[in-house]
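Visitor: Curious how this folds, go ahead:
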Amino acid sequence: MHRPSPAIVISLVALFFAMSGTAYAATGGDFLLGKSNTATAVTSLSNTKGTALSLSSTATTPPLKVSNSVQVPGLNASELDGQSASAFLGATATAANSSELGGTPALGYMQGGGDTTGTRLTLTGVQLQVPLLASPGGELSAYCDELGSGSASGAILTIVHGASTASGATVLWWNKDGVSQDNSLATTQAVLSPGEGSTTPYVIVAQVNNVTSISTFTATESYNSGSDTCSFTAQVVTTNG
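Guide: Next up, the predicted model:
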């Protein structure tokens, strides 16, 4: 019986390890497919003409596994549409401009409770004290041809007190003729344009101080002599305080 040669012994040892499933040291040697391989240096694969590595698996198993959750640099699985996680907001994060609306911070907008309301109205012929727009401090009313049918006296705007007008309510207004005020709005009517009507356009700004709220009216009035029609637009901004 002959003693086996060293080459045969090495081959038998390699075959033993390969069949037993034991990790095979592949550093500087062959990479065994279907078996566990170990190395003490990084193994690289390059292809100067295309994809260096292609992995395929069944439809229900992942084509690649890793040993831990450490992020792999350059692997786009850690990105969404080319952006890394740091480019997105987390569950408790706040965007740098979340304190702005349209690039304007909160101080650029009306503060506190309140609302804004607008309307328009057209009257033909004699129409007296038609409600136009209301606020807690008073009601903006419109008149057309107050002097009587056929007089064509034009348009008038007034503010009258309402059920919610406070006893200390006041109103100050401005039109093209100047500035005026009424310090007893709770018992009187404030005429914001010429008292007998106007056939020329007017723009009026009136501010009602209702003690616990402030209402600012912006209104226009115009008159069409051909149709004997009075037209009005109005907006009111009310803030509490």
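
Visitor: So which residue is dead centre in this structure?
Guide: L101 (6.2 Å; CA atoms, centre = their mean).

Visitor: Specify the beta-bridge partners of that one.
Guide: Taking DSSP bridges as the rule, L101 bridges to T104.

Visitor: what does Q181 give?
Guide: For Q181, the beta-bridge partners under DSSP bridges are L172.

Visitor: pLDDT weak spots in this protein?
Guide: 1-26, 76-78, 91-97, 109-115, 149-150, 241 (pLDDT under 70).

Visitor: Per the annotation, how does it divide into domains?
Guide: Domain ranges of the chain: 1-45, 114-240, per automatic domain parsing.

Visitor: mind putting those in JSON lines, distance to N68 included?
Guide: Glycine gets a C-beta too; all of them are placed from N, C-alpha and C. What follows is the domains of the chain, written out as JSON lines (distance: least, CB to CB, whole Å):
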{"stretch": "domain 1-45", "distance to N68": "16"}
{"stretch": "domain 114-240", "distance to N68": "57"}
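
Visitor: which residues in the protein form helices?
Guide: Secondary structure of the chain (DSSP state H): helices at 6-20.

Visitor: My guess is A134 contacts H161. True?
Guide: No. The pair A134 / H161 is not scored as a contact, 11.1 Å apart, by CB atoms under 8 Å.

Visitor: which residue sits closest to A219, ignoring its sequence neighbours?
Guide: Distance criterion CB to CB, 6 or more residues apart in numbering; nearest residue to A219, sequence neighbours excluded, is A234 at 4.1 Å.

Visitor: Against W173, how distant is the one you found?
Guide: Separation of A234 from W173 (CB to CB, to the nearest Å) stands at 13 Å.

Visitor: burial of V205, as a residue count?
Guide: If you count neighbours by other CB atoms under 10 Å, V205 ends up with 14.
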